[in-house]
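Pasted the sequence and its predicted model underneath.
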Amino acid sequence: MADLITHSLSFTKESLREYFIKPLFVESDIRDLITVRTDLKTGEKLDLISELDKITKGYAKGTSFTASTGVTITQKTVSVVKMKAEVHQNGRAFVNYVKQELLRKGYAENDISGTVFEEIILSIFFRALARDLQRQIFLGDTLKEVIASNAPNGTLDADYKEYNGLWTQLMNAAAAATIPSGQVVDANTSALQTTVAVANVKTATLTGTSGTANVTINGVAYLATFNTDLTTTAADFVSAHAATILARYGKCVVTSSGADIIVTAGIPGLNTTVAVANVSGNLAGSVANTTPAVQNTTLKAGAGKAILTSLYNSMTPELRAQRLSGALAYMVTSSIYDSYMESLEADGTEQAHMKLIDGVQRLTFRGIPVVERADWDVHIENDFGGVRPHRAILTIPANLIAGTDGQADDMDAEMWYDQNTQENKFRVEYYAGTLFLHEKFVSLAY
């Protein structure tokens, strides 16, 4: 098996004991921002009990008084899936490296347990685990496809596909109006964005009089079959495949007009790829980029503060009431955080908006901590094609649930030296899944 660490270094005089690991964006422990539910193997049902209000009425004797009713119990389920991380390392991979003097001798040279090399690998391994856990808890998506040329390519993304993260669940709920539109701030506006994102539209125009053709949309081929005329053929294609395509990552909407099959990206800024290839007979076609995809760029001056203000104003009375408990928090991309900071610096009030929370200076907005999630910016840019780059959540930790088996299973590693393969092995296994509990306790901006 492949070694975790390789090198092409030659021996020179260097420090035997010191080493530096290139920095990654590993944010503060997300247990400060969400609620962790433990001892889960498959999932857990959580009870939601409605409130009781307005039960006190004027006096009436005995059975003539109408007793109050109306409390209901509903349930939501946080489901978890099994996750695993494992790396291997052979000690001889460090030969010709300055620290080779710290390797063991003879056959034991392969075994790095108890050496500085094990220390280095564990540092790298656990940082990667923390980074992965935070990335998947917020951005996991069971439909996520690999992005190539800023378009989904039809291959599920192994780094995100195991369970839906909180952002995916929240945006799906907003799209379904489960989270009311009044609690969702549209950040894709000219008032906030230097460049407003535009949905890509591609038009495939069919030609021919018989046979079949593949219309490949975002890496997946869908068969079009000639029927009567090209208008009917295009309409048949929509009837056969539009629902399947809409259900994929990117939520492309497929319609027809005459001989045209029109593919519209469901997410502004996300590109689509469309091609037509003859399979039988002479049915074929050409593709036009009807409306090019346009992506967001930077926020306008003052946009960060404007987004926080809009989120504050979009709070439900139930969420606003949580201010007194001190539980409310904004979680924002670095782009929004920096924009807000620039607004404070411009009027010289940044120190007035700082608060000491758990020994750490936190930026606040109207007394609510503003937590920067720089990792969101990195992953959105690298793995999501830079789509919807400016995001924020206003909620309470009790509303965001991460389910797992044990309190720290993601950091509980087994390590051993396998004499048969002569590999040092490091493994972690844990369960993970997410859920947001109540629509009334969240406001979103994206």
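It's in. Computed from a predicted structure; not experimentally measured.

Residue ranges of each domain in this structure, please.
125-195+297-445, 201-291 (automatic domain parsing).

Arg37: which of those is closest?
Nearest to Arg37 among the domains of the chain is domain 125-195+297-445 (4.7 Å), distances taken as Cβ to Cβ. No exception for glycine: its C-beta is placed from N, CA and C like everyone else's.

What are the phi and psi values at the spatially closest residue to Ser314 that is not a sequence neighbour?
In space, and not counting its chain neighbours, Ser314 is closest to Ser443: 4.5 Å by Cβ to Cβ, 6 or more residues apart in numbering. Per-residue torsions, Ser443: phi -130, psi 150 (degrees, to the nearest 10).

Name the residues that touch stretch 39-46?
The contact list for stretch 39-46 (Cβ atoms under 8 Å, 6 or more residues apart in numbering) reads 37, 75-80, 401, 403-406, 431, 433, 435, 437.

repeat for stretch 303-310
Contacts for stretch 303-310 (Cβ under 8 Å, 6+ apart): 185, 187, 191-193, 330, 332, 335-344, 365, 370, 390, 392, 445.

What would that stretch look like as CSV? C-alpha coordinates only.
Only the C-alpha atoms of stretch 303-310 are listed here, as CSV (Å, rounded to 0.1, in the frame of the first residue of the first chain):
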residue,chain,number,x,y,z
ALA,A,303,-22.4,44.4,2.4
GLY,A,304,-21.2,42.3,5.3
LYS,A,305,-22.9,44.6,7.8
ALA,A,306,-26.0,44.7,5.6
ILE,A,307,-26.2,40.9,5.5
LEU,A,308,-25.9,40.7,9.3
THR,A,309,-28.6,43.4,9.7
SER,A,310,-30.9,41.5,7.3
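
Just give me how far it sits from the chain centre.
22 Å (Cα atoms, centre = their mean, to the nearest Å).

what do you get for stretch 240-258?
With Cα atoms, centre = their mean, you get 23 Å for stretch 240-258.

rewinding a little: lowest average pLDDT across the domains of the chain?
Among those, domain 125-195+297-445 carries the lowest mean pLDDT, at a mean of 91.

Wait, Gly285 touches Gly211, no?
No: contact criterion Cβ atoms under 8 Å: Gly285 and Gly211 do not qualify, at 11.9 Å.

of those two, who's got more company?
Taking neighbours as other Cβ atoms under 10 Å, Gly285 and Gly211 compare with Gly285 leading, 24 against 15.

Stretch 246-263: end-to-end distance?
10 Å (Cα to Cα, to the nearest Å).

For the strand ranked longest in the chain, name the packing helices and strands.
Longest strand in the chain by number of residues (criterion: DSSP state E): strand 423-436. For strand 423-436, the elements it packs on are strand 73-79, strand 81-89, helix 116-139, helix 166-175, strand 400-403, strand 414-418, judged by 3 or more Cβ pairs under 8 Å, 6 or more residues apart in numbering; DSSP states H and E.

which of those is buried the deepest?
Among the helices and strands packed on strand 423-436, the stretch with the highest mean neighbour count (mean count of other Cβ atoms under 10 Å) is strand 400-403, at a mean of 25.

got the contact list for it?
So strand 400-403 is contacted by 30, 33-38, 40, 43-44, 46, 78-80, 137, 166, 431-437 (Cβ under 8 Å, 6+ apart).

Pull out the buried members of those residues.
Buried by 16 or more other Cβ atoms under 10 Å: 30, 33-37, 40, 43-44, 78, 80, 137, 166, 431-437, out of the contacts of strand 400-403.

For the closest residue in space to Ser149 that isn't next to it in sequence, give its distance to Val215.
Sequence neighbours aside, Asn271 is the residue nearest to Ser149 in space, at 6.4 Å (criterion: Cβ to Cβ, 6+ apart). According to Cβ to Cβ, to the nearest Å, Asn271 stands 17 Å off from Val215.

And the closest residue to Thr189 other than its chain neighbours, its phi and psi?
Excluding the flanking residues, the one nearest Thr189 by Cβ to Cβ, 6+ apart is Val196, at 6.6 Å. The phi/psi pair for Val196 (degrees, to the nearest 10) reads phi -80, psi 130.

Just give me the neighbour total for Val196.
Residues near Val196, counting by other Cβ under 10 Å: 17.

Roughly how far does it sit from Ala259?
Val196 sits 31 Å away from Ala259, going by Cβ to Cβ.

before we move on, back to that, can I get the helices and strands packed on strand 423-436 in JSON lines with distance to Leu299?
Shown next, in JSON lines, are the helices and strands packed on strand 423-436 (distance: least, Cβ to Cβ, whole Å):
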{"stretch": "strand 73-79", "distance to Leu299": "34"}
{"stretch": "strand 81-89", "distance to Leu299": "34"}
{"stretch": "helix 116-139", "distance to Leu299": "20"}
{"stretch": "helix 166-175", "distance to Leu299": "19"}
{"stretch": "strand 400-403", "distance to Leu299": "25"}
{"stretch": "strand 414-418", "distance to Leu299": "45"}
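
Ok, which of these comes nearest Asp377?
helix 116-139 (11.5 Å).

how far does the closest one sit from the chain's center?
18 Å.

For the remainder of this discussion, apply numbering that starts at 50.
OK, 50 is where the count begins now, so the last one is helix 165-188.

Does anything pack onto it? Which helices or strands?
strand 130-138, helix 215-224, helix 423-432, strand 472-485.

what lines up beside the longest one in the sheet?
Translated: strand 472-485. Strand 472-485 has these partner strands in its sheet, going by DSSP bridges: strand 130-138 (antiparallel), strand 449-452 (antiparallel), strand 463-467 (antiparallel).

what's the first one in contact with?
Residues lying outside strand 130-138 but in contact with it, judged by Cβ under 8 Å, 6+ apart, are 50-54, 161, 166, 170, 174, 177-178, 181, 185, 211-212, 459, 470, 472-482.

How about Asn249: what's its closest non-neighbour residue?
Distance criterion Cβ to Cβ, 6+ apart; nearest residue to Asn249, sequence neighbours excluded, is Ala342 at 3.6 Å.

so who does that neighbour touch?
Counting by Cβ under 8 Å, 6+ apart, Ala342 has contacts Asn199, Val247, Ala248, Asn249, Ala314, Gly318, Leu319, Asn320, Thr321.

Just the angle for the longest strand of the chain relative to strand 122-128, thanks.
With axes from the mean of the first three to the mean of the last three Cα atoms, to 10 degrees defining the directions, strand 472-485 sits at 160 degrees from strand 122-128.

Grab the CA positions of strand 472-485 and hand them over as PDB.
Backbone C-alpha positions of strand 472-485 (Å, rounded to 0.1, in the frame of the first residue of the first chain) are rendered in PDB as follows:
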ATOM      1  CA  GLU A 472       3.400  -1.100   7.500                       C
ATOM      2  CA  ASN A 473       2.600   1.200  10.400                       C
ATOM      3  CA  LYS A 474      -1.200   1.700  10.300                       C
ATOM      4  CA  PHE A 475      -3.400   4.400  11.800                       C
ATOM      5  CA  ARG A 476      -7.200   4.100  11.800                       C
ATOM      6  CA  VAL A 477     -10.200   5.900  13.000                       C
ATOM      7  CA  GLU A 478     -13.900   4.800  12.700                       C
ATOM      8  CA  TYR A 479     -16.900   6.700  13.900                       C
ATOM      9  CA  TYR A 480     -20.600   7.400  13.100                       C
ATOM     10  CA  ALA A 481     -21.700  10.800  11.800                       C
ATOM     11  CA  GLY A 482     -24.800  12.600  10.700                       C
ATOM     12  CA  THR A 483     -26.500  16.000  11.100                       C
ATOM     13  CA  LEU A 484     -30.000  17.500  11.600                       C
ATOM     14  CA  PHE A 485     -31.400  20.900  12.200                       C
END
